[in-house]
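J.: I would like the atomic coordinates for the input below:
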Amino acid sequence: MEPSTKRLRIDKATRSIKKMDNSLYNALRLIYVDSIFVLEIGQLWPELLLLANFRCGLWYTPNNKFHSTGYFKSTDGHYSNWSFNTSRLNLHVAQIAGHRGCCMIIDSMRKGKRFPDSMSKTIPIWTCVLNRAIRNYFMRHSFADSAEAFKSTRLGTWEQREDRLIDWALVV
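T.: Numbering: from 1, shown residues only. As a prediction, the model looks like this:
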């Protein structure tokens with residue numbers, strides 16, 4: 001048998017395996033397995049409020065297990081579409097997270113990705129914009145001390161270091 005014939009057979013076998021992996025059964029099975037994981041997280045940390053991303057996160061557990069939902073559309077953070085959509089402010093999610101100190105947003109992703117786009121792009125943009133809006137509010141209303149305290153305790157380390165990045169880049 002020639003090497004090219006073997007290669008064709010291997011390619012055909014590989015395609016066949018991929019088709020089996022993409023079957024409806026396997027898709028539903030993965031949703032089921034993931035839903036068990038979400039329920040376990042909810043049982044391990046009952047104080048942690050679970051919020052479903054309305055786009056796909058509701059698949060992962062019965063509605064009564066979620067405290068609320070949010071609506072984070074992954075295309076808001078796609079390359080060359082870096083925008084902030086004011087029609088999906090999700091202020092209730094910010095209030096829940098602020099009141100409790102944290103929450104967990106449940107979402108899905110397509111096979112082959114490490115994180116859903118909503119988690120790697122949309123939600124980080126959303127949190128940054130809301131944090132800056134709150135800081136700006138404090139600054140506009142002459143709560144300079146409160147704004148500085150807010151900045152040092154609530155914003156992430158990247159935000160706290162942002163002012164220094166320009167100076168550091170000039171040194172290089």
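J.: show me the contact partners of the biggest helix by length in the chain.
T.: What stands out as the longest helix in the chain, according to DSSP state H, is helix 24-44. Applying CB atoms under 8 Å, 6 or more residues apart in numbering, the set of residues contacting helix 24-44 from outside is 20, 48, 50, 59-61, 65, 104, 106, 108. Bear in mind the C-beta positions are built from the backbone N, C-alpha and C, glycine included.
J.: which residue ranges form the strands in the protein?
T.: In the chain, the segments counted as strands under DSSP state E are 50-53, 68-70, 104-106.
J.: pairing partners for the longest one, with directions?
T.: This means strand 50-53. strand 68-70 (parallel), strand 104-106 (parallel) (DSSP bridges).
J.: of those, which is nearest Ile10?
T.: Among these, strand 104-106 comes nearest to Ile10, with 38.5 Å by CB to CB.
J.: follow-up on the earlier one: most surrounded residue in the contacts of helix 24-44?
T.: Ile106 (25 neighbours; other CB atoms under 10 Å).
J.: any weak-confidence spans in the protein?
T.: 1-8, 17-22, 62-63, 76-83, 143-172 (pLDDT under 70).
J.: one more time with 50
T.: For the chain, the stretches with pLDDT under 50 are 152-153, 172.
J.: before we move on, back to that, distance to Lys121 for the strands paired with strand 50-53 - can I get that in TSV?
T.: Shown next, in TSV, are the strands paired with strand 50-53 (distance: least, CB to CB, whole Å):
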stretch	distance to Lys121
strand 68-70	15
strand 104-106	13
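J.: and Met139, which of these is closest to it?
T.: strand 68-70 (27.1 Å).
J.: quick one: contacts of the closest one?
T.: Here strand 68-70 has contacts from 49, 51-54, 57-58, 90, 92-93, 96, 105, using CB under 8 Å, 6+ apart.
J.: if we use 10 Å, what do you get?
T.: Identification of contacts with strand 68-70 by CB atoms under 10 Å, 6 or more residues apart in numbering yields 49-55, 57-58, 63, 88, 90-97, 103, 105-107, 118, 123, 126.
J.: one step back: out of the contacts of helix 24-44, which is nearest to Asp11?
T.: Nearest to Asp11 among these: Met20, at 15.3 Å, using CB to CB.
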